[in-house]
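Visitor: turn this into a structure:
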Amino acid sequence: MISNRQKVLIVDDVTKNIQVVANFLQQAGYEINFAVSGDSALNHIQQEKFDLILLDIMMPEMDGFEVCQKLKDNDETKDIPVIFLTAKTDIESIKKAFNAGGVDYITKPFNKAELLARVKTHLELQQQKKDLRELNATKEKFFSIIAHDLKSPLNQLLGLSDILIKEIEKGNIEEIKSLAIFINDSAKSGRTLLENLLDWSRSQTGVINYQPEIIDLKSLTNEILELLEKNANQKNVTLDNIINDEIFAYVDSNMIKTILRNLISNGIKFTPKGGKIRVNAIKYENEVVCSVSDNGIGIENDDIKKLFRIDINPNTVGNSTEKGTGLGLILCEEFVEINQGKIWVESKLKAGSTFYFSLPVK
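Guide: As a prediction, this is how the structure comes out:
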């Protein structure tokens, strides 16, 4: 079972000190882990994520200053706040603690009220910093899409319509028909992006309308496949709905349609001509796990970790030089979570990808 409690790592070579601090923090509702040396602490931090570290200064082999410096030199751990635990209150030691990257210090013997107050303060500050980073990333993503991605289909419409006017004057029916198809595709691309942008904007401002009901996943999937059938046919990509009859979920149908539309559209984009996309759903005791699989270009392992991050712009290019904003997947994750589910992906280069998401059955 995954805990949502904030996690604190206590590092001290004296077991009694760890017991005292751990007792204070556990009573306050924090999740605790501990290490009795600098090396052990660094190993813990490589394997687990912590919200805060309480670090003793005077330890054998590797003291707290060195441990803190190693954490601050690592991009993955540099933002974890470190509070030093120390019996040393001289100015030089305190100055050295802050220079090493510590945010605060607590003197021994420990005062419970002081320790809990400092821990709470720095955890709140850390959460505020995280929220601010996400807010800035969201704002930058929003302006990037408006400035670049939304402008692209509009420019295509303008350019193609100019050419279309000239071809009408020449009376070239085949060329007119071809241009009309391009214009239609460009308009659909712009509309899809705009729909995602509006949905995402509503989700960020908390005005999204969540109305769960019992839905038939096979019927709903068929509806989305019919909507995307023309796009798939243009690339000769086969769309298969292999969901069994009477697979139901208790969800908001509009959100699930948005999730399926984005995942299947991505599958079409990154699947070569003649490829196949399969949509399935398997019922378990308390949930349904849906999947959208393709036999496309696949995703690098390092890139999988970046797929649902708002602060990273995707640079993957599809088989017809299509580029994605990444907004669709971010929206999928938010809508899955609103519907009490989780989303994840498995992929193999040149073999394809499968996106999974779970949904409640009641």
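
Visitor: export whichever strand or helix holds residue 331 as CSV, just CAs?
Guide: Taking DSSP states H and E as the definition, one finds residue 331 inside helix 327-338. Output of helix 327-338 as CSV, limited to C-alpha atoms (Å, rounded to 0.1, in the frame of the first residue of the first chain):
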residue,chain,number,x,y,z
LEU,A,327,-0.4,18.0,-23.8
GLY,A,328,-2.7,15.1,-24.6
LEU,A,329,-0.8,12.7,-22.4
ILE,A,330,-0.7,15.2,-19.5
LEU,A,331,-4.5,15.6,-19.9
CYS,A,332,-4.9,11.8,-19.9
GLU,A,333,-3.1,11.5,-16.6
GLU,A,334,-5.2,14.2,-15.0
PHE,A,335,-8.5,12.7,-16.2
VAL,A,336,-7.5,9.2,-15.2
GLU,A,337,-6.6,10.5,-11.7
ILE,A,338,-9.9,12.4,-11.4
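
Visitor: and that helix, how far from the chain's centre?
Guide: Relative to the centre of its chain, helix 327-338 is centred 8 Å away, using C-alpha atoms, centre = their mean, to the nearest Å.

Visitor: same for it, what does it pack against?
Guide: Helices and strands touching helix 327-338, by 3 or more C-beta pairs under 8 Å, 6 or more residues apart in numbering; DSSP states H and E, are helix 173-205, helix 253-269, strand 343-348, strand 352-360. C-beta coordinates here come from the backbone N, C-alpha and C atoms, glycine included.

Visitor: CSV for the ones you listed, including distance to residue 234, mean pLDDT and mean neighbour count?
Guide: Output for these, formatted as CSV (distance: least, C-beta to C-beta, whole Å; pLDDT from 0 to 100; neighbours: other C-beta atoms under 10 Å):
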stretch, distance to residue 234, mean pLDDT, mean neighbour count
helix 173-205, 8, 73, 15
helix 253-269, 9, 89, 22
strand 343-348, 24, 92, 16
strand 352-360, 20, 95, 21
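
Visitor: reformat these as a markdown table; add distance to residue 278.
Guide: Formatted as a markdown table, those follow (distance: least, C-beta to C-beta, whole Å):
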| stretch | distance to residue 278 |
| --- | --- |
| helix 173-205 | 22 |
| helix 253-269 | 9 |
| strand 343-348 | 14 |
| strand 352-360 | 9 |
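
Visitor: go through the ones you listed and name the closest to residue 223.
Guide: With C-beta to C-beta as the criterion, residue 223 lies closest to helix 253-269 of the helices and strands packed on helix 327-338, at 7.2 Å.

Visitor: pull out the buried residues from the helix or strand hosting residue 32.
Guide: With elements taken from DSSP H and E, the one containing residue 32 is strand 31-35. Across strand 31-35, burial judged by 16 or more other C-beta atoms under 10 Å covers 32, 33, 34, 35.

Visitor: starting at the chain centroid, how far to that strand?
Guide: 27 Å.

Visitor: tell me the domain ranges of the protein?
Guide: In terms of domains, the chain is parsed into 7-132, 150-208, 212-362 (source: automatic domain parsing).

Visitor: quick one, strands of the protein?
Guide: According to DSSP state E, the chain carries its strands in the segments 7-11, 31-35, 52-56, 82-86, 104-107, 213-216, 238-241, 248-251, 276-283, 287-294, 343-348, 352-360.

Visitor: need the contact partners of the second one.
Guide: Spelled out, it's strand 31-35. Strand 31-35 is contacted from outside by 3, 5-12, 18, 22, 25-26, 41, 43-44, 48, 50, using C-beta atoms under 8 Å, 6 or more residues apart in numbering.

Visitor: before we move on, the earlier item: rank the domains of the chain by mean pLDDT and give me the bottom one.
Guide: Mean pLDDT is lowest for domain 150-208 out of the domains of the chain, coming in at a mean of 73.

Visitor: circling back: residue 96: which of the helices and strands packed on helix 327-338 is closest?
Guide: Here helix 173-205 is closest among the helices and strands packed on helix 327-338 (C-beta to C-beta), at 42.6 Å.

Visitor: on that earlier part again, which of the residues in the helix holding residue 331 are buried?
Guide: 327, 328, 329, 330, 331, 332, 333, 334, 335, 336.

Visitor: thinking again about what came up before, let's have the strands of the chain in CSV, adding distance to residue 131.
Guide: Output for the strands of the chain, formatted as CSV (distance: least, C-beta to C-beta, whole Å):
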stretch, distance to residue 131
strand 7-11, 18
strand 31-35, 21
strand 52-56, 16
strand 82-86, 21
strand 104-107, 20
strand 213-216, 32
strand 238-241, 40
strand 248-251, 28
strand 276-283, 35
strand 287-294, 30
strand 343-348, 22
strand 352-360, 25
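
Visitor: many thanks, have a good one.
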